[in-house]
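Student: Got a sequence here, can you model it:
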Amino acid sequence: MNTENTKKKKNYWFTGDWHLGHRRIVGICKRPFLNLTDMENSIIANHNSVVADDDVVFNLGDVGFRCSAWHVSEKLKLFNGKIVIILGNHDKALRQALNKGMLDKELEEGKIEIIGGKIAYEDSTIAISKMLTFDNQKIFIGHYGHRTWPSAFRNTYHLYAHSHNNLAPFYRSFDVGVDTNNFFPYSLETIINRMKNVPDGFSEKGEKFNASNSSGQELPPQSS
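Tutor: Next up is the predicted model:
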């Protein structure tokens, strides 16, 4: 077999709410770490243990908080894969790093991508979302959780962060922040396996909507 002609499969991952540089997040969210250094090292190690350099990782915001632009940019460079980011409400330091050109090399080389481009980090009042498609499966991503989203009743999934495991799953949507997955990213395969088992109890079409079928709905447990 000619290994040079064997193309490695590209995997896709989803994560968010790293809060790099944020010392108080360990106590606020009761994260199981000794301190900030322990948390950052664990998140990076967990990420790199499953994500390869050729993989694509969608980070749904709050990469860092209450830290310097230098700190968040240097830590971000340690993560494997191409990191595609939807900026969150706490991404002031990352916006500063981008505006100062501290990540220009990574942007030019395609190591990092900011969804929405310059407008997303030059104007912090804009909340960006994006529709992705994987083999005909649409996934609507954003920093914030939505009650409904484009084509929700046509089997489109919705993934978000921001909530730190405090916003219950609703229909085919759930929080993919690290607080919900033992501080690992979610693989695309895991997301599809979880979502396809969610009962079809919601529609944007009023005549088919029954609130009793959708309130308090829980997703099936993640398989090990």
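Student: Helices of this structure, start to end?
Tutor: Remark: helices of the chain, listed N- to C-terminal, are 25-28, 36-50, 69-76, 92-99, 104-108, 118-122, 188-195, 211-214; assignment by DSSP state H.
Student: Touching, Trp13 and Ala52? I think so.
Tutor: No - in this structure, Trp13 is not within contact of Ala52 by CB atoms under 8 Å, at 9.9 Å. Placement of C-beta: from N, CA and C, glycine included.
Student: Give me the common contacts of these two.
Tutor: Common neighbours of Trp13 and Ala52 (criterion: CB atoms under 8 Å, 6 or more residues apart in numbering): Gly81.
Student: Neighbour count for those two, which is higher?
Tutor: In terms of neighbours (other CB atoms under 10 Å), Trp13 is the more surrounded of Trp13 and Ala52; the figures are 25 against 13.
Student: that older thread, for the helices of the chain, give me CSV that also has mean neighbour count.
Tutor: Listed next are those as CSV, based on neighbours: other CB atoms under 10 Å:
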stretch, mean neighbour count
helix 25-28, 15
helix 36-50, 16
helix 69-76, 19
helix 92-99, 21
helix 104-108, 12
helix 118-122, 15
helix 188-195, 17
helix 211-214, 11
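Student: any chance of those in JSON lines, plus distance to Asn59 and mean pLDDT?
Tutor: As requested, the helices of the chain are arranged in JSON lines below (distance: least, CB to CB, whole Å; pLDDT from 0 to 100):
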{"stretch": "helix 25-28", "distance to Asn59": "16", "mean pLDDT": "97"}
{"stretch": "helix 36-50", "distance to Asn59": "10", "mean pLDDT": "98"}
{"stretch": "helix 69-76", "distance to Asn59": "9", "mean pLDDT": "98"}
{"stretch": "helix 92-99", "distance to Asn59": "10", "mean pLDDT": "98"}
{"stretch": "helix 104-108", "distance to Asn59": "13", "mean pLDDT": "98"}
{"stretch": "helix 118-122", "distance to Asn59": "13", "mean pLDDT": "94"}
{"stretch": "helix 188-195", "distance to Asn59": "14", "mean pLDDT": "95"}
{"stretch": "helix 211-214", "distance to Asn59": "28", "mean pLDDT": "36"}
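Student: Asn136 is nearest to which of those?
Tutor: When the helices of the chain are compared for distance to Asn136 using CB to CB, the nearest one is helix 188-195, at 11.4 Å.
Student: And for Pro169, the neighbour number?
Tutor: Residues near Pro169, counting by other CB under 10 Å: 19.
Student: From His158, how far off is it?
Tutor: As defined by CB to CB, to the nearest Å, Pro169 lies at a distance of 10 Å from His158.
Student: same deal with Thr133?
Tutor: In this structure, Thr133 and His158 are separated by 14 Å, where distance is defined by CB to CB.
Student: Which one of those two is surrounded by more residues?
Tutor: Higher neighbour count among Thr133 and His158: His158, with 26 against 9, using other CB under 10 Å.
Student: Next up, the contacts around that one.
Tutor: Taking CB under 8 Å, 6+ apart, we find His158 in contact with Ile139, Phe140, Ile141, Gly142, Gly145, His146, Trp149, Ala152, Arg172, Ser173.
Student: Quick one: residues contacting the closest residue to the fourth one other than its chain neighbours.
Tutor: What sits nearest to Gly142 in space, not counting adjacent residues and going by CB to CB, 6 or more residues apart in numbering, is Ser129, at 3.5 Å. The neighbourhood of Ser129, defined by CB under 8 Å, 6+ apart, consists of Ile86, Phe140, Ile141, Gly142, His143.
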